[in-house]
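**Student:** following is a predicted model, sequence given first.
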Amino acid sequence: MTCHGEALIRTLYEDYGEMLLAYAARLTNDRTAAEDIVRDTLIRARRHPYALVSRDGSVRSWLLSVAHDIAFGRVVDDHGGEASPERLGFIVLEPVPESAARARRWFRKLMTGHDLACSIDDCLLLISELVTNAITYGRADGDWSVRVEWWRDGDALRVEVHNPAAGSPLDVELRRCSADDEHGRGLELVAALADCWAVESSQFTGTRVTFTLNNAWKFNGDH
């Protein structure tokens, strides 16, 4: 980031930060997610300073519009067209057992109206299993959280579970469970239900487990 870019972000945050945070918090009902939206909005402003003024001439309106689009996964590319892949939603979760249910509810809410052709029950099951795995096996000093993102990538649905407390991707492995096992079926279910899956380093530190469902949309044209 250049010094000019840092100065721009600092000025925008001082002038509009509280307003953006309050707006994002109303959209997400989640303080951590709202902070992520504010950060991403300011980063986009730094990358596209020439676009900072909206059609009505207001920087405030432009920032609110971008924050709204980020919250609901409709960020556009540099030329105003739809970005590909397109993030459809995300949620940041505390490492507590209730978070798996919260992730399911938020995914279902944001995916309503997206005309999924794939099984939403399969999606909810896989998200729940991966979030539960992340919380059960994650270990970290201090506060940490699990981040779930879902994307439209062409005709596929891609879901990512980011776990900063999981260590190296090499520490995450597929294990075969016996009929008596009560836990540990997350990756086994992913391997059985998803078209493909992967464990990689996360850009947020830790690991990212990704699963993809192909032909996930009823309509493959514009949406």
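**Tutor:** Perfect, thanks for sending it. Because the structure is a prediction, the values reported are computed rather than measured.

**Student:** ok, the most centrally placed residue in the chain to Val161 distance?
**Tutor:** The centre of the chain sits closest to Glu149, judged by C-alpha atoms, centre = their mean, with a distance of 2.4 Å. Using C-beta to C-beta, to the nearest Å, Glu149 is found at 8 Å from Val161. Where you see a C-beta, it was placed from the backbone N, CA and C, and this is true even at glycine.

**Student:** about what we covered before: which one is the residue nearest to the centre of the chain nearest to, not counting chain neighbours?
**Tutor:** Closest residue in space to Glu149, ignoring its immediate chain neighbours: Phe90 at 4.2 Å, by C-beta to C-beta, 6 or more residues apart in numbering.

**Student:** now for the chain, the helix or strand with the poorest mean pLDDT.
**Tutor:** Sorting the helices and strands of the chain by mean pLDDT, DSSP states H and E puts helix 59-71 at the bottom, at a mean of 81.

**Student:** same for it, what does it pack against?
**Tutor:** helix 3-28, helix 31-47 (3 or more C-beta pairs under 8 Å, 6 or more residues apart in numbering; DSSP states H and E).

**Student:** what's the spacing between the first one and its chain's center?
**Tutor:** When C-alpha coordinates are averaged (C-alpha atoms, centre = their mean, to the nearest Å), helix 3-28 and its chain have centres 20 Å apart.

**Student:** got the buried residues for that helix?
**Tutor:** Residues 8-9, 12-13, 16-17, 20-21, 23-25, 28 are the ones in helix 3-28 that count as buried (16 or more other C-beta atoms under 10 Å).

**Student:** as CSV, the helices and strands packed on helix 59-71 with mean pLDDT would be great.
**Tutor:** Formatted as CSV, the helices and strands packed on helix 59-71 follow (pLDDT from 0 to 100):
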stretch, mean pLDDT
helix 3-28, 83
helix 31-47, 84
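
**Student:** who touches the helix or strand harbouring Asp121?
**Tutor:** Assigned by DSSP states H and E, Asp121 belongs to helix 120-137. By C-beta atoms under 8 Å, 6 or more residues apart in numbering, the list of residues contacting helix 120-137 from outside reads 93, 95-97, 99-101, 103-104, 107-108, 111, 116, 146, 148, 157, 159, 161, 163, 165-166, 183-187, 189-190, 193-194, 209, 211, 213.

**Student:** next, the buried residues of stretch 113-131.
**Tutor:** Neighbour-count burial for stretch 113-131, counted by 16+ other C-beta under 10 Å, picks out 114, 118, 123-131.

**Student:** can you check stretch 35-53 too?
**Tutor:** 35-38, 40-42, 44-46, 52.

**Student:** ok so, going back, out of the buried residues of stretch 113-131, which is nearest to Glu200?
**Tutor:** The nearest member of the buried residues of stretch 113-131 to Glu200, counting by C-beta to C-beta, is Leu130 at 13.6 Å.

**Student:** cool, thanks, talk later.
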